[in-house]
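J.: sequence first, then the predicted structure:
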Amino acid sequence: MKYLVLMIMVVIAQPSYGSSTQVENYLNSSRKFEALIKKETATGKLPRTEDKAMAKVFNELSKSQSAITSETYSLEDFTALLEVCGKANQFGMKYLLHEMNSVVIKTDPPQVIQEKVVKLMSENSIKYQNELSVFYPFLVDCLAIQSSLTLPFWESLPLDQRTQVRKDGLIQVRKGVLQLYAGVLTSLGDSQLKLAFKESLLESATQAAPVIASLLSLDSRNVVLNMLSQYSKRAPKEYLERFKVISREFGSKDCNEICQL
């Protein structure tokens, strides 16, 4: 889990959007959770799933997540989904980077800062894995929904609106997608993560594979294929069938307009 990094959410969509009831419910729940985080962090803590006082909002988030992933979306929902995915990522990173200010010193050299942050994320991914299991499998699901709309969104733009700024934004989003997806796969080999958490991550990664692969360049797909090839040699047997599904999707040579950017 220590390899899950901040996904770059560059707003490439048009500023106006519609949003479904499910999306609105999630954003309402996320606002409640943000208030809880603000309250708890004032005491140096974060909301925990085992805390009965926090159970309701975690349950609301989970229900909202399930409702979102069961829906079908149109281009009108594209920007709203960017916000939803961004919230899930933001919450996950809150836990992964908790207490960073007490670990990183401003005068530290960049290499030292990077080493400290990686170590902190590694430790927090174990300490807060119950909470992270609420956000990261859903983030993969949300990312898949968002990615499925990326090509239709791009194709809907007049040629004069397919600017270099938007192209650069898409490329950055694509890099973030690769980092997150690769991080999920790498986390499967972490012996300190609970089996249920890893199963949930792998299930989401498998379901997301077709649409995620279609978004990535052929070179990026090869990065994932190489990771799977290496990890398959020591992975549990029950993972291998799903690895085959992921490998098949990422092994495709079909390359749409987004893939070619």
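T.: Sure, I can see it. All figures in this text were calculated on a predicted structure; none of them were measured in a lab. Numbers count the residues shown, from 1 in each chain.

J.: give me the buried positions along the helix or strand residue 219 falls within.
T.: Secondary-structure assignment from DSSP states H and E places residue 219 in helix 218-232. By neighbour count with 16 or more other CB atoms under 10 Å, helix 218-232 contains the buried residues 220-221, 224-225, 227-228. Glycine gets a C-beta too; all of them are placed from N, C-alpha and C.

J.: what packs against it?
T.: Helix 218-232 is packed against helix 164-187, helix 237-250, with contacts defined by 3 or more CB pairs under 8 Å, 6 or more residues apart in numbering; DSSP states H and E.

J.: again, only using 10 Å
T.: Here helix 218-232 is seen to pack against helix 164-187, helix 195-215, helix 237-250 when contacts are counted using 3 or more CB pairs under 10 Å, 6 or more residues apart in numbering; DSSP states H and E.

J.: quick one: that helix to helix 237-250, angle?
T.: What separates the directions of helix 218-232 and helix 237-250 is an angle of 170 degrees, with axes from the mean of the first three to the mean of the last three CA atoms, to 10 degrees.

J.: could the helices and strands packed on helix 218-232 go into TSV alongside mean neighbour count and distance to residue 47?
T.: Formatted as TSV, the helices and strands packed on helix 218-232 follow (neighbours: other CB atoms under 10 Å; distance: least, CB to CB, whole Å):
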stretch	mean neighbour count	distance to residue 47
helix 164-187	18	22
helix 195-215	20	18
helix 237-250	16	31
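
J.: ok, of the ones you listed, where does mean pLDDT dip lowest?
T.: Among these, helix 164-187 carries the lowest mean pLDDT, a mean of 89.

J.: what's the angle from that one to helix 195-215?
T.: Angular relation of helix 164-187 and helix 195-215 on a 0 to 180 degree scale: 150 degrees, by the same axes, to 10 degrees.

J.: helix 164-187: how far from the chain's middle?
T.: The chain centroid and the centroid of helix 164-187 are separated by 10 Å, computed with CA atoms, centre = their mean, to the nearest Å.

J.: list the buried residues of the helix or strand hosting residue 141.
T.: Here residue 141, judged by DSSP H and E, is contained in helix 129-156. Applying a neighbour-count criterion of 16+ other CB under 10 Å, one finds 129, 131-151, 153-154 buried in helix 129-156.

J.: shaky segments in this structure?
T.: For the chain, the stretches flagged by pLDDT under 70 are 1-19.

J.: tell me who's in contact with the residue nearest the centre of it.
T.: By CA atoms, centre = their mean, the mean C-alpha position of the chain lies nearest to residue 139, the distance being 4.0 Å. With contact set as CB atoms under 10 Å, 6 or more residues apart in numbering, residue 139 has these partners: 4, 7, 65, 84-92, 132, 180, 184, 201, 204.
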